[in-house]
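S.K.: starting from these lines, generate the structure:
(3 chains)
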Amino acid sequence: MSDAPRWRVVGRGPSGGVVVVDLAADGSEVSRTAADDAGLTELARTASASLRWVWNDTRRWYRMLLGGGVRLMRAHDLRLCHAILRTSAWVDAPALGAARGWDAAAPEVEPGPQALFDLETLAPTLPDGIDEVLAEFARHRAAVDASSHAARLTLLLAAESAGALLAEELHAAGLPWSREVHTRILEDTLGTRPLAGGVPSRIADAGARVRAALGDERASLDSQPKLLRALHRAGVPATSTNRWELAEYDHPVIAPLLEYKKLTRLASANGWAWLEEWAGDGRFRPVYVPGGVVTGRWASSGGGALQLPRQLRPAVRADPGWTLVVADVAQLEPRVLAAMAGDLALADAARGTDLYAGMVGGGVVATRPEAKVAMLGAMYGATTGDSGRLVPALRRAYPRAMALVDEAAAVGEDGGVVTTWLGRSSPPPGSWWTSVQQEASGADASAAEETRARRSARDRGRFTRNFVVQGSAAEWALAWLAELRTRLAALPTAAVPAVASGAVFAERAHLAFFLHDEIIVHTPVALADAVADAVREAATAATTLLFGTFPLDFPLDLRIREDAAKD
DNA sequence: CGCCGCCGCGCG
DNA sequence: AAAGCGCGCGGCGGCG
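M.R.: This is a model prediction of the structure:
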């Protein structure tokens, strides 16, 4: 059926009701239907999985559909795709020039209470009128079609939008979390839970030992300036209180102070209050923010989802009858760099499962830890220290890979824009950066102005150097997620006890967590092996999708177990 | 009292 | 054991 609808565009009519417009592959309108929210949910429930849903903001629409028990496979998120297309160096900027209002930040699903009283300060809202939505979608298609990199951009927009669907599903499903295990970790580490306003026993104990070593019974340990002064009085000439510097001093206060800092960090970031607020019902439901980082990585909002300490991983526990498939990619970024640069020598080092061991085996550096810091230094732009010292060896061994990141840095220092493998471009320099460079280029520029300009140029060079690698790695990860999501949806159901993940995921394997290069799938035990296969197949498919036949794979560290601890 | 910048530290 | 990218968050303290 060549005239079957390919896109389903969702917006609002003049009266505020939902309007659904189906478009054929050539963009012509096939049908136009008025609906309400319930009607939209029913339309979605019976829609073909091949239909791509187009709307202004996935969170706005998909949260409702998921709540109604509907899962969709494909989308085109106009806000996220606009952000990519508007800045991509592969897109003719005027193509989106007619767009108005599509640069808005992600809107809140529920307006905050103050918004009701303070209308003037409301953030500009995203257009949702069906005609504006249709027009913006048409601009996107035209912009992609006119690009000389249409295939890659199409892939990027599809992956970004699949990520937006998944972000909502991850929120709806939640990460299965054991109150009991978390509480036990807290008690084992911090001691018994204090009464309201009190201090856990081991923190109190460590604090007492710190104060004794300082010879100051009243020393304030939680205020950085006060702690620094107390250290000076005790004869520790530290310039900061970060743990790397403190560890350099030989003084009896150091050991208990580092212990105190570690314990207070756990208590304040992920202690009993966090447990009650974020995971009290047995699910941790972070708000993921796809595209929330300039490089294309996801950010998160609330609960510190992307900073969960490894120490608490044992609290991630499958429901009864379920298990977890936990997988992460080994050395994702250097592998992506090797593939982008077409660097066969680096690809050769990556042949086994451990790229860093491969570097040692190739005689590039002497030890695995050296290989790791050297590679990180190459991608981050290290110039000094152990890492910077080793980078020249990499430049000799992997000239193509190093030329790619060195070129990205040179472009950035010069005020230019760099672009990822699939077409996400770095933001242009801001007005502050440009004026600093201009002031320093004048004949009457002071030495201080020149120094400032050089420093900010190098800072930007390190940013663009890393942007191409971090951003392209994020694209591989998105493709992996999108491929995996499709495969999981195709798996059968399995009879298992009901879970707290919502109707959409009852008896179904589903993604439960994503962290840059790592995923957790929550699955009925009977499906675990099939899920593991799907995770591996998805990685292979993502690699082929991005890099074709380039001889490099992305090996996974994959575990099937009831908790998400590393060992 | 709320807002904001700084510091420190968790994650990749 | 760092000095080199990207984040979010809690606590503090200065400010209005």
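S.K.: show me the shaky parts of chain A.
M.R.: A:1-2, A:105-124 (pLDDT under 70).
S.K.: go again with 50.
M.R.: Low-confidence segments of chain A, defined by pLDDT under 50, span residues A:110-122.
S.K.: in it, what residue is nearest DNA strand C?
M.R.: Nearest residue of chain A to DNA strand C, counting by Cβ to the nearest atom of the strand: residue A:385, 2.3 Å away. No exception for glycine: its C-beta is placed from N, CA and C like everyone else's.
S.K.: tell me who's in contact with that residue.
M.R.: With contacts defined as Cβ atoms under 8 Å, 6 or more residues apart in numbering, residue A:385 is in contact with residue A:377.
S.K.: do the longest helix seen in chain A and DNA strand C meet?
M.R.: Longest among the helix segments of chain A by residue count, using DSSP state H, is helix A:447-490. Yes - contact of helix A:447-490 with DNA strand C (Cβ under 7 Å from any atom of the strand) involves A:459, A:462, A:463, A:466, A:467, A:470.
S.K.: for stretch A:318-332, same thing?
M.R.: No - interface with DNA strand C: stretch A:318-332 contributes nothing (Cβ under 7 Å from any atom of the strand), its closest point being 12.6 Å away.
S.K.: what is the end-to-end distance of that stretch?
M.R.: Stretch A:318-332 has an end-to-end distance of 27 Å (Cα to Cα, to the nearest Å).
S.K.: now do stretch A:394-405
M.R.: Distance between the boundary residues of stretch A:394-405 (Cα to Cα) amounts to 12 Å.
S.K.: can you list the neighbours in contact with that stretch?
M.R.: By Cβ under 8 Å, 6+ apart, the residues outside stretch A:394-405 that reach it are A:334, A:337-338, A:340-346, A:349, A:359, A:362, A:364, A:374-375, A:378-379, A:381, A:391, A:406, A:465, A:468-469.
S.K.: now intersect these with the helices, please.
M.R.: The members of the contacts of stretch A:394-405 that map onto helices under DSSP H are A:334, A:337-338, A:340-341, A:344-346, A:349, A:359, A:374-375, A:378-379, A:391, A:406, A:465, A:468-469.
S.K.: residue A:82 is in contact with residue A:140, isn't it?
M.R.: Yes - at 7.2 Å, residue A:82 counts as touching residue A:140 under the criterion of Cβ atoms under 8 Å.
S.K.: what residues are shared contacts of those two?
M.R.: Common contacts of residue A:82 and residue A:140 (Cβ under 8 Å, 6+ apart): residue A:96.
S.K.: how close does residue A:438 sit to residue A:163?
M.R.: Separation of residue A:438 from residue A:163 (Cβ to Cβ, to the nearest Å): 38 Å.
S.K.: residue A:54 in helix, strand or coil?
M.R.: Look at residue A:54: counting by DSSP: H, G, I helix; E, B strand; the rest coil, its state is strand.
S.K.: from memory it sits against residue A:78, does it?
M.R.: Yes - Residue A:54 is in contact with residue A:78 according to Cβ under 8 Å; the separation is 6.8 Å.
S.K.: more neighbours: which of these two?
M.R.: In this view residue A:54 and residue A:78 are compared by other Cβ atoms under 10 Å, and residue A:78 has more residues nearby, 28 against 24.
S.K.: next, the residue of chain A most remote from its centre: phi, psi?
M.R.: No residue in chain A sits farther from the centre than residue A:215, which is 45.2 Å out by Cα atoms, centre = their mean. Main-chain dihedrals, residue A:215, degrees, to the nearest 10: phi 70, psi 30.
S.K.: quick one: contacts for the residue nearest the centre of chain A?
M.R.: The centroid of chain A falls nearest to residue A:298 when counting by Cα atoms, centre = their mean (2.7 Å). Residues counted as contacts of residue A:298 (Cβ under 8 Å, 6+ apart) are A:163, A:167, A:288, A:289, A:290, A:291, A:292, A:306, A:474, A:514, A:516.
S.K.: which strands and helices sit next to the helix or strand harbouring the second one?
M.R.: What that stands for is residue A:167. Using DSSP states H and E, residue A:167 maps to helix A:150-173. Here helix A:150-173 touches helix A:58-67, strand A:74-77, helix A:78-87, helix A:130-146, strand A:287-289, helix A:447-490, strand A:510-514, going by 3 or more Cβ pairs under 8 Å, 6 or more residues apart in numbering; DSSP states H and E.
S.K.: partner strands of the helix or strand that that helix is followed by, with direction?
M.R.: From helix A:150-173 onward toward the C-terminus, using DSSP H and E, the following helix or strand is strand A:175-176. Using DSSP bridges, the strands paired with strand A:175-176 are strand A:283-284 (antiparallel).
S.K.: contacts for the partner strand, please.
M.R.: Contacts to strand A:283-284, defined as Cβ under 8 Å, 6+ apart, come from residues A:173, A:174, A:175, A:176, A:177, A:278, A:303, A:305, A:500, A:501.
S.K.: can you list the domains in chain A?
M.R.: With domains defined by automatic domain parsing, chain A comprises A:7-173, A:180-275, A:286-332+A:474-561, A:333-471.
S.K.: in a markdown table: the ones you listed, plus distance to DNA strand B.
M.R.: Formatted as a markdown table, the domains of chain A follow (distance: least, Cβ to the nearest atom of the strand, whole Å):
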| stretch | distance to DNA strand B |
| --- | --- |
| domain A:7-173 | 8 |
| domain A:180-275 | 3 |
| domain A:286-332+A:474-561 | 4 |
| domain A:333-471 | 6 |
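S.K.: before we move on, the earlier item: mark which of the ones in helices among the contacts of stretch A:394-405 are buried, thanks.
M.R.: Neighbour-count burial (16 or more other Cβ atoms under 10 Å) is assigned, among these, to A:334, A:337-338, A:340-341, A:345-346, A:349, A:359, A:374-375, A:378-379, A:391, A:406, A:465, A:468-469.
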